[in-house]
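Student: take this sequence and fold it.
(2 chains)
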Amino acid sequence: MSQPTAPPSAPTDPDGLAEALRGTGYLPDEGLATAAYLALAMHRPLFLEGEAGVGKTALAHALAEVTGRPMYRLQCYEGLEASQALYDWDFGRQLLHLRAAEAAGAGGDTAQLEAGLYDRRFLLARPLLQALEDSPSVLLVDEVDRADDEFEAFLLELLSDFTISIPELGTVRAAVPPLVVLTSNRTREVHDALKRRCLYHWLEHPDFDREVAILRSRLPQVTEDLARQVARATAKLRSLDLLKPPGIAEAMDWATALHTLGARELDPDTAARTLGAVLKYREDTDRVHALTRGALFG
Amino acid sequence: MTSLAFAAGERRQRDVVEVVLGFARTLRHAGVAASPDRVEAMLAAVGHLDVLDPGDVYWAGRLTLCGSPDDLDRYEAAFHAWFAGEAPRRSRSTAQQEQRLAESAPLSAPEGDGSESEEEAPDLKAAASEAEVLRSRDVADLTVAERDQLRRLFALLVPAAPMRPSRRRRPDHHGGVDMARTIRHALRDGGEITSLRHRRPRPRPRRVVLLVDVSGSMSPYADALLRFAHAAVRARPSSTEVFTIGTRLTRVTRELRLRDPDKALAASGHAIPDWSGGTRIGEVLKAFLDRWGQRGTARGAVVVVCSDGWERGGTELLAEQMGRLQRLAHSVVWVNPHKGRAGYEPLTGGMQAALPAVDHFVAGHSLAAFEQLAGVIERA
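Tutor: Down below sits the predicted model:
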């Protein structure tokens, strides 16, 4: 969650937003900048799909920083319940409140005591409620493809009018609709009804120049040469048809690992020792080891 | 690429709305489901951007009208076609599609097994009801009329889903203590805990993935297998996925969700580009695992491969990918229609390569065999 320092002026076109995002160290391409701009301007959720590690989650963080809004993240998983996504009553504290009232001898007015039980202070706000209460905000619904159909339907309802009704307390409405970013790794096809409410963008791996620029801006301690070599080797790895092609996150890990070992450039020996930072399958590692030494760093 | 304004000028000063509506129509012809609310969103998006900038119009449309990576290529082509003034191109004609379906159910049985089926239909069975006989007949040996009748019998097939325990719990008389419910009930009694409430994991359907071979050698059975797939999808729409394999991978789950089996099969026929072509199971299985399986579709699922194992490519790739599939899936079922024939031995190279990674090897040549298959899937 980022702390708003000064209220930054809202970008008025996609280029302005791209510039602001660059300032935070996130380098978007034209399509992504347009998508994010439209999401802000049209109050429409942004649905991002793409390989793992191409910067879907990072975009939400960058947008929160650019707009100066607090960010709330909901990590989806199978069996996610409303009590973990929306709100829950703090039963323990309610019970304590009852007992305390009993001990103080305030037994007379039971109606008032009961009403006091369902007070805002006994409500545990979960990410979705937090995002609506702390408006304007950025809401990241991460890996929505992992949640189940029932949760999707529920999310659909929330995203259409940005209100949550709590039977005991009333309706919570966002003063300004939050900027919603949904990400998916496409393990499952998300329902069309949900996608229709969103702007859809497919994120690709960045091209060579952008990747070098990302490595340089995120890891200023890494030398230009090393960044270029890592970007070239990563691009080469992606073309090898591996089980899990490395994303930007892996490239950054790799560059950091090399830098930590004091390497100034990528030579076959250090590369072989640090390959665990980019490749996460034994089959992939075997294949790369079997390549001729020059093939990866040519 | 021409700008929207230019295109509008050329088309006798039609306004932006009309141009966008026309474009959406082109896009629908190209196979992208550009529904009216999506078109509305595109118009709103264009309103926020520069109408005169082709790049802005391109992105406004792409972000609002597309819904999956498969749509992107079609969008690209349609955008260039429409804004460069070309006539919309239809992806495939309806006539062609119907022909494909006809091919899947050939009028004559394949050579070789005609005598065998006659042996299997002795007088005793003739006395039994016609449907009963039909149930155990090899699908490939049926006449057109018999096939029609069998199709109606497929409607009776309701494959049950295998279950798995989930993280989510439900109230029960046994199991772990449910703190939230216990205390909520205690609040009713003035904060006194009088009884404990319990909860247990709720069982959920396990995902079932069907990979149906639609290559030439499987064409006598492809229609029946897709009907079985349709029954499975209709029974559990949210936990069943169907792909066809041939020379390429096609996802037909969406098409098979149509209620009417004939319409669903027609729609799938429209979607499958490699009907009755060759087989490259190894390659297509790899494509499935790369694009879907490893990310989650095959994880913990019951994966059913319906194929005769005729592999045109090398069998090492198939063996390798089957190993990968077995590590991801809960269990792997292989359905081979030829297994139902007397004296069948899995001798084809593909079958030999795949069998070490297969948990259940079953036949799928008749309705009775499909009923057994449904049982195998349920208990897998």
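Student: report pLDDT for the residue in the stretch 201-350 of chain B that chain A sits nearest to.
Tutor: The shortest separation between the stretch 201-350 of chain B and chain A is 2.7 Å, found at B:Gly296 (distances taken as Cβ to the nearest Cβ). Heads up, the C-betas are built off the backbone N, CA and C, glycines and all. What the model reports as pLDDT for B:Gly296 is 81.
Student: and it, what are its phi and psi?
Tutor: Note on B:Gly296: its backbone torsions stand at phi 150, psi -30 [degrees, to the nearest 10].
Student: so who does the residue nearest to A:Leu74 when sequence neighbours are not counted touch?
Tutor: If the residues on either side of it in the chain are set aside, A:Leu74 comes closest to A:Pro127, at 4.1 Å by Cβ to Cβ, 6 or more residues apart in numbering or on different chains. With contacts defined as Cβ atoms under 8 Å, 6 or more residues apart in numbering or on different chains, A:Pro127 is in contact with A:72-74, A:85, A:139.
Student: out of these, which is nearest to chain B?
Tutor: Nearest to chain B among the contacts of A:Pro127, with distances taken as Cβ to the nearest Cβ, is A:Ala85, at 12.9 Å.
Student: does that closest one touch A:Leu74 like I think?
Tutor: Yes. Here A:Ala85 reaches A:Leu74: they are 5.8 Å apart, a contact under Cβ atoms under 8 Å.
Student: grab the nearest non-local neighbour of the residue of the stretch 201-350 of chain B closest to chain A.
Tutor: In space, B:Gly296 comes closest to A:Thr187 once its chain neighbours are excluded; the distance is 2.7 Å by Cβ to Cβ, 6+ apart.
Student: tally of neighbours for that neighbour?
Tutor: Number of residues near A:Thr187 (other Cβ atoms under 10 Å in any protein chain shown) recorded here: 17.
Student: coming back round to it: you'd agree the residue of the stretch 201-350 of chain B closest to chain A is up against A:Glu143?
Tutor: No. Under the contact definition of Cβ under 8 Å, B:Gly296 does not touch A:Glu143, with a separation of 9.8 Å.
Student: any residues in contact with both of those two?
Tutor: The overlap between the contact sets of B:Gly296 and A:Glu143 (Cβ under 8 Å, 6+ apart) consists of A:Asn185.
Student: contacts only, for the residue of the stretch 201-350 of chain B closest to chain A.
Tutor: A:145-146, A:185, A:187-188.
Student: cool, A:Leu40 as well?
Tutor: The contact partners of A:Leu40, by Cβ under 8 Å, 6+ apart, come to A:10-11, A:17, A:63, A:67, A:179.
Student: SS state for it?
Tutor: Remark: A:Leu40 carries the secondary structure label helix [criterion: DSSP: H, G, I helix; E, B strand; the rest coil].
Student: before we move on, the earlier item: what's the overlap in contacts for A:Ala85 and A:Leu74?
Tutor: Taking Cβ under 8 Å, 6+ apart as the contact rule, A:Ala85 and A:Leu74 both touch A:126-128.
Student: okay, and the residue nearest to B:Leu49 when sequence neighbours are not counted sits in which element?
Tutor: Of all residues not flanking B:Leu49 in the chain, B:Asp56 sits nearest, at 3.9 Å (Cβ to Cβ, 6+ apart). In this structure, B:Asp56 sits in helix B:54-65 according to DSSP states H and E.
Student: pull out the buried residues from the helix or strand that that helix is followed by.
Tutor: Moving toward the C-terminus from helix B:54-65, the next helix or strand (DSSP H and E) is helix B:69-83. The neighbour-count criterion (16 or more other Cβ atoms under 10 Å in any protein chain shown) identifies B:71, B:74-75, B:77-79, B:81-83 as the buried residues of helix B:69-83.
Student: all set now, cheers.
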